[in-house]
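Peer 1: A predicted structure for the sequence below; I have some questions about it.
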Number of protein chains: 2
Amino acid sequence: MKIDPKNPADLSAQIAKAIRDAIISGALPVDERLPSEAELAEQFAVSRPTVREALKRLAAQALIRTQRGATGGAFVNRLRFEEAYGQQITTSTLLLSMNDVSFATACEARYALERACAPLSALRRTADHLATMRAEAHRQSQPGLTDEAFCASDVAFHRALVDAAGNPVLSYQLAGAVEAMQPLMNMITFSARSRERIIALHTAIADALEAQDGAAADQNLAALATYTQELAQSVFATRLAARNGPLGSGGS
Amino acid sequence: MKIDPKNPADLSAQIAKAIRDAIISGALPVDERLPSEAELAEQFAVSRPTVREALKRLAAQALIRTQRGATGGAFVNRLRFEEAYGQQITTSTLLLSMNDVSFATACEARYALERACAPLSALRRTADHLATMRAEAHRQSQPGLTDEAFCASDVAFHRALVDAAGNPVLSYQLAGAVEAMQPLMNMITFSARSRERIIALHTAIADALEAQDGAAADQNLAALATYTQELAQSVFATRLAARNGPLGSGGS
DNA sequence: AATTTTCATTTGTCAGACAATTAAACGTCT
DNA sequence: AGACGTTTAATTGTCTGACAAATGAAAATT
């Protein structure tokens, strides 16, 4: 943990890495208090602002939390699944938007992963999960619902489906795939007929889970995946035709 | 982006959030240069060290990169899948170790997700992927291989399996599930017979992918999942018996 | 004994300074 | 004019010293 070569650049990054490694290796257990900033500065032979920059890096990853006062300081933070969800979603969303991931690719990943949950969800779904799914399916059938609200409800439905698997690791991994799709889904306008079809599939999935029929849930999820892909394709094709059609190609 | 209430605590966190939101919303596109630290300090009406702490938070999430010099500064970073892997693996590993996730739970999640890749991998696997999987399977059969090296090769095998699906989003999501399992797997001692069984299943999986038979790949993955669970259970049971047996219960 | 006050410790922030780096602007020589 | 070396300005990285705010513990008081 006292590694610090003599290249006086990226000092804060090096210190952050040293502490991070100590946490990962278990040398610094959860809730352990780190030395004060002044002590760390002395140990690493750097100034306090440099130490603070290192600590802020760790805080940004939720690896530590800080507390002011006499008995305060920086403490190794217990990374909880709920906190990690946020990071996971942010990162996934940015990955999709910054790397021009196609709708098809993201959609394929999302439904492949969801289908992985289906058999477990069928086994372990509770009344709570079923109620959430039914409630969201019902909300989706409300007239006058905006496309954005429809998408949000869609996400909530699928979150419940994933959580029903009763495996926090799966829920965590899936959070990114499901939530990061929302900006892409928001680009789609859902006609009344397409909403009807989606809601029918949602209902069928909820029915399958209620009957603890994993195969049926998987089948309907596959159908939903196919339908979503087709829908997106037709929407994008229509939009492209409109751009290249009467108004000519090109634009701002 | 100029939000900054009057509570003078967590200023650097607030500034980081403001800039992060601007990046996520797209107001700051990739490769856009942020104002210099001095300018940011003026804009947010804080000191330069505070701005720097905010920037370090963003740098820790790979949202920005900095460059010294006349035309230097902080630039919005294109978040690449390869960089995100590392973060994902670190977070997943810590989540498992800090929350006392059982081997069974992590293993279930991992194989459920891998099985989601199987049909796609069967469709799209290239000669490269097959060669990697064969090579790792062969390495696993080397005598004198340490348990740790065996596990590392196991991870490499499964990474190739996942990458064969040709979907970067899947590869990213799976990276955490697969790699974070390694510390847990390292707790297992693999007997020669159990290695043989695992290698046989690996070979069967590679065969199935080569034949583009997704169902067979899925079946063998399921078998591997079951076998791994059984193996872990017996290892842990043996270890528990040894602790509670001749030496009595309890310990440091 | 209970309550209030004081105090020491620690993080959060600020101001100013200097070093290191880097590219552009400038000047010089061919 | 063009190529090449030099200067310069801008910017990040780091340091020093300082003060404010929070907070729990110790001391003083009732």
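Peer 2: Nice, thanks for sending it over.

Peer 1: Which strand or helix spans the most centrally placed residue in chain A?
Peer 2: By C-alpha atoms, centre = their mean, chain A has its centre lying nearest to A:G176, at 2.3 Å. Assigned by DSSP states H and E, A:G176 belongs to helix A:168-179.

Peer 1: packing partners for that helix?
Peer 2: helix A:81-98, helix A:103-124, helix A:147-163, helix B:81-98, helix B:103-124, helix B:168-179 (3 or more C-beta pairs under 8 Å, 6 or more residues apart in numbering or on different chains; DSSP states H and E). Placement of C-beta: from N, CA and C, glycine included.

Peer 1: and that helix, what's its mean pLDDT?
Peer 2: When pLDDT is averaged along helix A:168-179, the result is 92.

Peer 1: how big is the angle separating it from helix B:103-124?
Peer 2: On the basis of axes from the mean of the first three to the mean of the last three C-alpha atoms, to 10 degrees, helix A:168-179 is oriented at 40 degrees to helix B:103-124.

Peer 1: Show residues contacting helix A:168-179.
Peer 2: A:81, A:84-85, A:88-89, A:91-93, A:106, A:109-110, A:113-114, A:116-117, A:120, A:155, A:158-159, A:162-163, A:165, B:92, B:95-96, B:99, B:101, B:105-106, B:108-110, B:112-113, B:169, B:173-174, B:176-177 (C-beta atoms under 8 Å, 6 or more residues apart in numbering or on different chains).

Peer 1: Next secondary structure after that helix?
Peer 2: Sequence order places helix A:182-185 as the next helix or strand after helix A:168-179, per DSSP H and E.

Peer 1: following that next one, which helix or strand comes up?
Peer 2: helix A:192-210.

Peer 1: Tell me the spacing between the residue lying closest to A:P35 once chain neighbours are set aside and DNA strand C.
Peer 2: Spatially, and ignoring its direct neighbours in sequence, A:P35 is nearest to A:Q43 (6.7 Å; C-beta to C-beta, 6 or more residues apart in numbering or on different chains). Distance of A:Q43 to DNA strand C, computed by C-beta to the nearest atom of the strand, to the nearest Å: 13 Å.

Peer 1: so where's chain A shaky on pLDDT?
Peer 2: Applying pLDDT under 70 to chain A flags residues A:1-6, A:242-252.

Peer 1: separation between the one residue in it that gets nearest to DNA strand D and B:N7?
Peer 2: Nearest residue of chain A to DNA strand D: A:G69, at 2.1 Å (C-beta to the nearest atom of the strand). Applying C-beta to C-beta, to the nearest Å, the value for A:G69 to B:N7 is 17 Å.

Peer 1: cool, A:S92 as well?
Peer 2: 31 Å.

Peer 1: Looking at those two, which is more packed in?
Peer 2: A:S92 (26 against 8; other C-beta atoms under 10 Å in any protein chain shown).

Peer 1: Any residues of chain A in contact with DNA strand D? List them.
Peer 2: Residues of chain A lying close to DNA strand D (C-beta under 7 Å from any atom of the strand) are A:8-12, A:45-50, A:53, A:67-72.

Peer 1: So which of these sit within strands?
Peer 2: Among the residues of chain A next to DNA strand D, the residues falling in strands (DSSP state E) are A:Q67.

Peer 1: count of neighbours near A:P143?
Peer 2: With other C-beta under 10 Å as criterion, A:P143 counts 6.

Peer 1: can you confirm it is in a strand?
Peer 2: No - judged by DSSP: H, G, I helix; E, B strand; the rest coil, A:P143 forms no part of a strand; its state is coil.

Peer 1: Give me the phi and psi angles of it.
Peer 2: In terms of degrees, to the nearest 10, the main-chain angles of A:P143 are phi -70, psi 150.

Peer 1: what's the answer for A:I64, then?
Peer 2: Per-residue torsions, A:I64: phi -130, psi 160 (degrees, to the nearest 10).

Peer 1: Report the beta-bridge partners for it.
Peer 2: A:V76 (DSSP bridges).

Peer 1: just checking, it touches A:L55?
Peer 2: Yes - counting by C-beta atoms under 8 Å, A:L55 is a contact partner of A:I64 at 6.5 Å.

Peer 1: which residues are common contacts for these two?
Peer 2: Contacts common to A:I64 and A:L55, judged by C-beta under 8 Å, 6+ apart, are A:34, A:74.

Peer 1: Run the chain-centre distance for stretch A:61-79.
Peer 2: How far stretch A:61-79 lies from its chain's middle: 25 Å, per C-alpha atoms, centre = their mean, to the nearest Å.

Peer 1: Sort out which residues of it are buried, please.
Peer 2: Within stretch A:61-79, the residues that count as buried by 16 or more other C-beta atoms under 10 Å in any protein chain shown are A:61-64, A:66, A:73-77, A:79.

Peer 1: ditto for stretch A:78-92
Peer 2: Taking 16+ other C-beta under 10 Å as the criterion, stretch A:78-92 shows A:79, A:81, A:84-85, A:87-92 as buried.

Peer 1: near chain B too, which of these?
Peer 2: A:79, A:81, A:84, A:87-88, A:90-92 (C-beta under 8 Å from any C-beta of the partner chain).
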